[in-house]
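**Student:** return atomic coordinates for the entry below.
(6 chains)
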There are 4 protein chains.
Amino acid sequence: MSGTAQRVKAASPWSPRETELLEVTLQLLQEHGYDRLTVDAVAARARASKATVYRRWPSKAELVLAAFTEGVRQVAIHPETGTLRGDLLALGEACRQQATQLAGTIRAVLVETSRHPALQDALQSQFLEQRKALIHDVLRDAADRGEIDPSVISDELWDLLPGYLIFRIVMPARNPTPETVRVLVDEVVIPSLTRNRKANG
Amino acid sequence: MSGTAQRVKAASPWSPRETELLEVTLQLLQEHGYDRLTVDAVAARARASKATVYRRWPSKAELVLAAFTEGVRQVAIHPETGTLRGDLLALGEACRQQATQLAGTIRAVLVETSRHPALQDALQSQFLEQRKALIHDVLRDAADRGEIDPSVISDELWDLLPGYLIFRIVMPARNPTPETVRVLVDEVVIPSLTRNRKANG
Amino acid sequence: MSGTAQRVKAASPWSPRETELLEVTLQLLQEHGYDRLTVDAVAARARASKATVYRRWPSKAELVLAAFTEGVRQVAIHPETGTLRGDLLALGEACRQQATQLAGTIRAVLVETSRHPALQDALQSQFLEQRKALIHDVLRDAADRGEIDPSVISDELWDLLPGYLIFRIVMPARNPTPETVRVLVDEVVIPSLTRNRKANG
Amino acid sequence: MSGTAQRVKAASPWSPRETELLEVTLQLLQEHGYDRLTVDAVAARARASKATVYRRWPSKAELVLAAFTEGVRQVAIHPETGTLRGDLLALGEACRQQATQLAGTIRAVLVETSRHPALQDALQSQFLEQRKALIHDVLRDAADRGEIDPSVISDELWDLLPGYLIFRIVMPARNPTPETVRVLVDEVVIPSLTRNRKANG
DNA sequence: TCATAAGCGAGACGGTACGTCGTGTCTTACG
DNA sequence: CGTAAGACACGACGTACCGTCTCGCTTATGA
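**Tutor:** This is a model prediction of the structure:
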């Protein structure tokens, strides 16, 4: 069955050494933010050489993106609570927590992607696609249970829930709370997904 | 009357020379993005000296924020189409167009605000509050017309429309189209705002 | 009169700040040798920035050459002892001492000149020409005194005395002594300069 | 008989593979000079691995010195023209040609020897001693023929001829010509070697 | 009419990070 | 076992940018 609780997580494309470098990068990123992070510091803390870093990732930007992607890769799990509302709340809350923690990194990655188109593809394929698959899984399960009409599952707005939350996190002084997630699910996402049923009902 | 089409635009706090510097900054920002923008380049293109720039704005970050604020100052207009849907579409499309043009700048400002809390306040008061007031105007008009229940106007999700659009613009390779705005209004925002009426109706 | 004891020293082409940088460079050069010398160290000891150094001299090589040239500039003095032999001994001994001290620097400069033709010109005009003028002065005085025939003053071998001494210094384990200078003057240079007179005498 | 034209060349201490590496080194040395020469490039052009190079010569410096020594090993021949002047001209011209070709290498070796005393001994024994023996041979033959007084053969200035020529080659923009060699022999070396005879004659 | 000051252009400066490159050591896999 | 291939730590190179500073020149008034 498609909805079985399963890790969507792909095998890590990185060697142990590379994973170590990315972990150090993520650490320093959280500690100091993007531009206080120096490649020298990454190399030093990992007891590596700058050349070793630059051999893998041709710029600080790509290093940070890789670290970010690796950092979020392992949490793309299908919640499987049994109801659409439960799944959406779980998903939203997970997204909120994760993104809150990575706020600085997300901002940094966004800036960098605007410069290097290569990073856009990386972000697209390594991050967004994972999320999209996950949400589609949740919606398909809900359709299987008859909670929603399958026709409301579109490619246009699938990322409304995580997208708006990320906006809120990235926008200073608008940090979302668990209550924000609840309101968003109950008053926006579900009304939108069930708009046809209610008209019919 | 509160709904009259009026420019919310405040008088520019900048002298002509300062405005010129900000325009140059905005230009270069669009051309090269935040980190490729150098204060030297701004000074050079404006035939000014770096000291002249730094006398006004104590850091590159504040310069960019000022340029951004100046760049968006003039477009906060109440659409006044006569229907909620029309107003929302107009607002959304305006936001979409403006933000698309300023994508790089927005990314830059987001990063900078995360570092300098002072910039958060500036962004908050000079940008967000304007938008919030505008949307509340639109919603109040709709309530006055009886299109929606005033109780759905909350402080939690007022920025859903611009927020998600900005997310889409800032996230590479997910640029929204006019159709995106339409779907967002028709299938998300309006269903959310009218969720009670339908249940009642 | 042409033979008056006078400083051949030209005015330094360097500003005080530049002179300071060159002095630091020369110090570190003597302390650590050419390739243990780092531009960072020069900048640090001079409390300057690397950019400040590189603004003047586009590479480490040119910096070192400039320091070397400056280091030897101030010692090009006409000895004026009254006899050809005395002048030559004084000149030779001065050259020997100075070059011994700068041995490492000389070797370094020689290597670098082979790479950058621009350095060749610099070495030529700023160093060799000074020496040539000095030796010609000494020989002309000797001719004036009737010690030698003016016709032996040629452009081909004017640098025999300093040249061979520099060879000896630069060639490891062949460091010249004061006795070397004496023998060189008495048994080579003077016999060569007076070869015609003796044939006549 | 001591004066027979004979190759002083010792059997090469290197295996064919090693000789090949040294030849590549010498090539690259002539092409790019000492610092532009990289051990990686030597290994690459010889289709060898860096480890293979470093197993033989523990540093770039020793590699270059070995290549240099190998490069000059084969030319230490006693000219045997029958006259002192002829021998000196032949010797000087051979030295001039060889050293001109190896100019960059000579500069490189000089720098390196100043750092590693071990290289000094190598240069001393493998290069200078050969030359010294050769010149002493020439002078002894001349003494045997009665051209010079044996007492002028000293250990102090035996290398005047090659030494000054090397100085001229190494000093940029002072490249010696065949005429330089002639003048040096006729106006300096021979007058010096025959200074006593003329005084007596 | 001239002088004294404030603003400006030009750009040097200290500091710091970037990304590159070369050396000499080391490991892995092949023959 | 020696070798080719090449990753690795270390560390210097030369570049770029930020934010501060000093220099003259201009302009705009006050004696």
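**Student:** what's the first-to-last distance across stretch A:153-161?
**Tutor:** One end of stretch A:153-161 sits 13 Å from the other (Cα to Cα, to the nearest Å).
**Student:** buried ones in that stretch, by neighbour count?
**Tutor:** For stretch A:153-161, a neighbour-count test (16 or more other Cβ atoms under 10 Å in any protein chain shown) marks A:I153, A:L157, A:W158, A:D159, A:L160, A:L161 as buried. The C-beta positions use only the backbone N, C-alpha and C, and glycine is treated the same way.
**Student:** try stretch A:127-144
**Tutor:** Those would be A:F127, A:L128, A:Q130, A:R131, A:L134, A:I135, A:D137, A:V138, A:L139, A:D141, A:A142, A:A143, for stretch A:127-144 by 16+ other Cβ under 10 Å.
**Student:** now render the buried residues of stretch A:153-161 as JSON lines, adding pLDDT and distance to C:V42.
**Tutor:** Listed next are the buried residues of stretch A:153-161 as JSON lines, based on pLDDT from 0 to 100; distance: Cβ to Cβ, whole Å:
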{"residue": "A:I153", "pLDDT": "91", "distance to C:V42": "66"}
{"residue": "A:L157", "pLDDT": "94", "distance to C:V42": "61"}
{"residue": "A:W158", "pLDDT": "92", "distance to C:V42": "59"}
{"residue": "A:D159", "pLDDT": "92", "distance to C:V42": "55"}
{"residue": "A:L160", "pLDDT": "95", "distance to C:V42": "59"}
{"residue": "A:L161", "pLDDT": "95", "distance to C:V42": "58"}
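**Student:** mind putting these into TSV with secondary structure and distance to A:I106?
**Tutor:** Shown next, in TSV, are these (DSSP: H, G, I helix; E, B strand; the rest coil; distance: Cβ to Cβ, whole Å):
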residue	secondary structure	distance to A:I106
A:I153	coil	26
A:L157	coil	20
A:W158	coil	19
A:D159	coil	14
A:L160	helix	17
A:L161	helix	16
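**Student:** nearest to DNA strand E, of the residues you listed?
**Tutor:** Closest approach between the buried residues of stretch A:153-161 and DNA strand E, by Cβ to the nearest atom of the strand: A:D159, at 29.6 Å.
**Student:** for that closest one, phi and psi?
**Tutor:** With angles defined as degrees, to the nearest 10, A:D159 sits at phi -100, psi 20.
**Student:** tell me who's in contact with it.
**Tutor:** Taking Cβ atoms under 8 Å, 6 or more residues apart in numbering or on different chains, we find A:D159 in contact with A:L128, A:R131, A:K132, A:I135, B:F167, B:R168, B:R174.
**Student:** try it again with 7 Å
**Tutor:** By Cβ atoms under 7 Å, 6 or more residues apart in numbering or on different chains, the residues touching A:D159 are A:R131, A:K132.
**Student:** cool, A:G104 as well?
**Tutor:** With contact taken as Cβ under 7 Å, 6+ apart, A:G104 is in contact with A:L29, A:G33, A:Y34, B:S114.
**Student:** state the number of residues packed around the last one.
**Tutor:** Neighbouring residues of B:S114 were enumerated by other Cβ atoms under 10 Å in any protein chain shown; the total is 20.
**Student:** ok, it - contacts?
**Tutor:** So B:S114 contacts A:A103, A:G104, A:R107, A:P172 (Cβ under 7 Å, 6+ apart).
**Student:** what's the local residue count around A:A173?
**Tutor:** So A:A173, with other Cβ under 10 Å, has 11 neighbours.
**Student:** just checking, it touches B:L119?
**Tutor:** No: assessed by Cβ atoms under 7 Å, A:A173 is found out of contact with B:L119, at 10.6 Å.
**Student:** check pLDDT for the contacts of B:S114 and point me to the minimum.
**Tutor:** Looking at the contacts of B:S114 by pLDDT, the weakest one is A:P172, with 73.
**Student:** returning to what we had before: got the contacts of A:G104 as JSON lines, with pLDDT columns?
**Tutor:** What follows is these, written out as JSON lines (pLDDT from 0 to 100):
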{"residue": "A:L29", "pLDDT": "88"}
{"residue": "A:G33", "pLDDT": "81"}
{"residue": "A:Y34", "pLDDT": "81"}
{"residue": "B:S114", "pLDDT": "71"}
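**Student:** show me which pair in these is furthest apart.
**Tutor:** Greatest spacing in these, by Cβ to Cβ: A:L29 and B:S114 (12.1 Å).
**Student:** contacts only, for A:E93.
**Tutor:** So A:E93 contacts A:P178, A:V181 (Cβ under 7 Å, 6+ apart).
**Student:** what about it, distance to A:L161?
**Tutor:** 11 Å (Cβ to Cβ, to the nearest Å).
**Student:** and for A:G71?
**Tutor:** According to Cβ to Cβ, A:G71 stands 20 Å off from A:L161.
**Student:** again, but for A:D141
**Tutor:** 15 Å.
**Student:** ok, now A:W57?
**Tutor:** The value you get for A:W57 to A:L161, if Cβ to Cβ is used, is 31 Å.
**Student:** ok, now A:G86?
**Tutor:** 14 Å.
**Student:** with A:L26 instead?
**Tutor:** 25 Å.
**Student:** before we move on, what about A:P178?
**Tutor:** On the measure of Cβ to Cβ, A:P178 and A:L161 end up 14 Å apart.
**Student:** cool, A:E147 as well?
**Tutor:** To A:L161, A:E147 is 16 Å away according to Cβ to Cβ.
**Student:** quick check: the residue of chain A nearest chain C.
**Tutor:** When distances are taken as Cβ to the nearest Cβ, chain A reaches nearest to chain C at A:D40, 13.6 Å away.
**Student:** counting neighbours, what do you get for the closest residue in space to that residue that isn't next to it in sequence?
**Tutor:** Counting by Cβ to Cβ, 6 or more residues apart in numbering or on different chains, A:D40 lies nearest to A:K50, which is 6.3 Å off, once chain neighbours are set aside. For A:K50, the neighbour count with other Cβ under 10 Å is 13.
**Student:** my read: A:K50 touches A:A43, true?
**Tutor:** Yes: between A:K50 and A:A43 there is a contact under Cβ under 7 Å: 4.8 Å.
**Student:** what about A:A48, which SS state?
**Tutor:** Following DSSP: H, G, I helix; E, B strand; the rest coil, the label given to A:A48 is coil.
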